[in-house]
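Trainee: Fold the following.
(2 chains)
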Amino acid sequence: MPILHTVNKSSYERNTLESCVSKTSKGGSVLLIEDGVYSAVKGGAKAGIIENAIGDVSFYVLGPDIKARGLDEGKLIDGIKVVDYSGFVELTVSNDKVANWL
Amino acid sequence: MSNIKKFCYLNRKAPYGTVYAWEALEVVLIGAAFDQDCSVVFVDDGVYQLVKGQDTADLGIKNFSPTYSALGDYDIKKIYIEKESLEERGLSLDDLQHLVWEDEDEDWAEKDSIIVVTKDELAKVLDEQDVILSF
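Mentor: Here you go, the predicted model:
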């Protein structure tokens, strides 16, 4: 019963992503949106949250939010997939439930 | 003019996720228009406001980041960025916009507005202010 988790807060300001990932089962998906996309950048002090879990959990970032914030797709943590709005819709449909971590 | 105060605008929020960054910019421009001695500080997620190459076209909201380059024209010459905040986020000065002001005493030579400071240096900057406005 896979769940799509969405996180919209920066992990440098809140512990939302950390809490979410710790409650995401193997095979689950986490989609970073809005300020959540900052957590996807390689080399940051919080990059380990994703790096340590990416073997068990699929991570996605919303492309338009990356672009809006001037972040370089080439600087994302390896293995994170960039999706557009229709990719977001597909994720919501292909998972059984959506959990929004606000 | 005698009634000039030292105003400091303390920015701690990323742009777009909340309205704080945009609102702060509006208030900074107001302070500058009243010929006050303005400093703008970016710490914590506030450093993300100055990341270059922002493009909000796909979000359908205004990209206000080009406005930061107008701060120099408003005589804002002191833009402090906390070193620790940049490093924690895997950012360097090269990831940020290059902001300048023109020195009329030196034939309008362009000078850097951005001053990278440590948290201890920033504490001193805050101590010197008359008013601190937090966003």
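
Trainee: could you show me where the strands are in chain B, in order?
Mentor: Assigned by DSSP state E, chain B shows strands spanning B:6-11, B:37-42, B:78-82, B:100-103, B:109-112, B:114-117, B:131-134.

Trainee: so where's chain B uncertain?
Mentor: Low-confidence segments of chain B (pLDDT under 70): B:1-2.

Trainee: Which residues of chain A lie near chain B?
Mentor: Contact residues, chain A versus chain B (Cβ under 8 Å from any Cβ of the partner chain): A:8-10, A:12-13, A:34-35, A:38, A:41-45, A:47, A:63-65, A:67-72, A:75. Where you see a C-beta, it was placed from the backbone N, CA and C, and this is true even at glycine.

Trainee: Now with 6 Å, please.
Mentor: Within chain A, the positions near chain B by Cβ under 6 Å from any Cβ of the partner chain are A:10, A:12-13, A:34-35, A:41, A:43-45, A:64, A:67-68, A:70.

Trainee: and the residues you listed, which two are the farthest apart?
Mentor: A:A45 and A:P64 (25.6 Å; Cβ to Cβ).

Trainee: so how far is the first residue of stretch B:85-103 from its last?
Mentor: This stretch, stretch B:85-103, spans 29 Å end to end (Cα to Cα, to the nearest Å).

Trainee: quick one: that stretch to chain centroid distance?
Mentor: In terms of Cα atoms, centre = their mean, to the nearest Å, the centre of stretch B:85-103 is set 10 Å apart from its chain centre.

Trainee: ditto for stretch B:27-44
Mentor: 8 Å.

Trainee: Please see if it touches chain A.
Mentor: No. Using Cβ under 6 Å from any Cβ, stretch B:27-44 never reaches chain A; the gap is at least 6.7 Å.

Trainee: what sits up against that stretch?
Mentor: Contact partners of stretch B:27-44, identified using Cβ atoms under 6 Å, 6 or more residues apart in numbering or on different chains, comprise B:4-12, B:74, B:76, B:78-82, B:85.
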